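J.: attaching a predicted model along with its sequence, questions to come.
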Amino acid sequence: MPFSLPLYEWSMSAPPVASGLPLVIALTGFTDAGNAVSGLIEHLREELESQTLAEFENDILLDYRARRPLVTFDEDHLTDWTPQRLELTLTADVLGQPFLLLSGYEPDFAWNAFADAVVALAGNLGVSSVTWVHAIPMPVPHTRPVPTTVSGTRDELTAAHSVWRPRTQVPGTVAHLLELRLSDADIPVAGFALLVPHYLADSEYPAAILAALDSITVATGRVFSGDDLREQNREYLEKVAEQVAGNDELTAMLHGLEERYDSYMAGSTQARPIIHTGDLPSADELAAELERFLATRPTDDDKRGGGLS
């Protein structure tokens, strides 16, 4: 059993873990455009069989006032207390292939200690690779596949699936720190950034969850069922189409985005749709888009009156 650090508690009922499994990391962050990561976590937890290996300590890592637990009030008394959870599980895909899943909230505190703990776990468990996903808003059309950009040390994934490679600075997440630390430890790591249509970033966008699942499949070989998500996406796109059709300004914006996207594809020599770096928004434009997105996002307390995010 791996050495139990104070940041987490190893489950006494944890099953044996074979060496050489891929580790998937899905942590909700402040730029979860389209609710891609939160939707991914919900899908994986609900649809797949898993066994808890370790639970991380909320009292050390979580800001309860920023992400308040849900309390159930039943007529005249309280019946439940449901805080967020951050856990490591042994999970199996739809074919029964095992993989490790670290999922939940992005820690509010102790990032360096958390990164040290995760890297130590990855080393002790002998993981074959680490894959993480997040989502950011970009001026791309919803009528085309969700593009991705890839970071990390797995050059074959970057070459095949990264649509652009700018040099810029963006607000960091704990997953970025993990990627750096895992790379320093010579553990193969790939981070997929899903480029979600900026005008849909505040909604629950099923296509973004499907893109996250596809990215994990490409990186790990694990297979997932997305039938329900595809049906949800069809219904979602029908509603979006109705709104766009009734608004000349939205129609013009969408056509402009489609023309740009298609011009990127037309010049591509890759099998998958690739957006050329020179045709993409500049680093300054991307930073401005991110700033506008973050500035207009309500806080967790604004959205839920202080409820759980």
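T.: Looks like it arrived, so ask away. Numbering: from 1, shown residues only.
J.: so which elements touch the one helix or strand residue 175 maps to?
T.: With secondary structure defined by DSSP states H and E, residue 175 is part of helix 174-184. With contacts defined as 3 or more Cβ pairs under 8 Å, 6 or more residues apart in numbering; DSSP states H and E, helix 174-184 has these neighbours: strand 22-28, helix 111-125, strand 129-138, strand 148-152, strand 189-197. C-beta here means a position set from N, CA and C on the backbone, and glycine is covered the same way.
J.: redo the ones you listed as CSV? Include mean pLDDT.
T.: As requested, these are exported to CSV (pLDDT from 0 to 100):
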stretch, mean pLDDT
strand 22-28, 97
helix 111-125, 97
strand 129-138, 96
strand 148-152, 94
strand 189-197, 96
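J.: for residue 241, which of those is the nearest?
T.: The closest of the helices and strands packed on helix 174-184 to residue 241 is strand 189-197. By Cβ to Cβ, the value is 13.2 Å.
J.: and the next helix or strand past that closest one?
T.: Heading C-terminal from strand 189-197 (DSSP H and E), you reach helix 206-220.
J.: quick check: mean pLDDT across the helix or strand following that next one?
T.: Next along the chain after helix 206-220, taking DSSP H and E as the criterion, comes helix 227-245. Helix 227-245 carries an average pLDDT of 93.
J.: buried sites along the next helix or strand after helix 227-245?
T.: Per DSSP H and E, the first helix or strand lying C-terminal to helix 227-245 is helix 248-266. Buried positions in helix 248-266, judged by neighbour count with 16 or more other Cβ atoms under 10 Å: 254, 257, 260-261, 264-265.
J.: buried residues of the host helix or strand of residue 51, list them for me.
T.: Following DSSP H and E, the helix or strand that holds residue 51 is strand 50-56. Using 16+ other Cβ under 10 Å as the test for burial, strand 50-56 gives 50, 53-56.
J.: for the protein, which spans come out with low pLDDT?
T.: Scanning the chain for pLDDT under 70 picks out 1-5, 265, 267-309.
J.: now with 90, please.
T.: For the chain, the stretches with pLDDT under 90 are 1-6, 29-31, 67, 69, 75, 79-83, 162-171, 243, 246-250, 260-309.
J.: need the outlier residue of it, farthest from its centre.
T.: Relative to the mean C-alpha coordinate of the chain, counting by Cα atoms, centre = their mean, the farthest residue is residue 76 (38.8 Å).
J.: and what about residue 20, helix, strand or coil?
T.: Three-state call for residue 20 (DSSP: H, G, I helix; E, B strand; the rest coil): coil.
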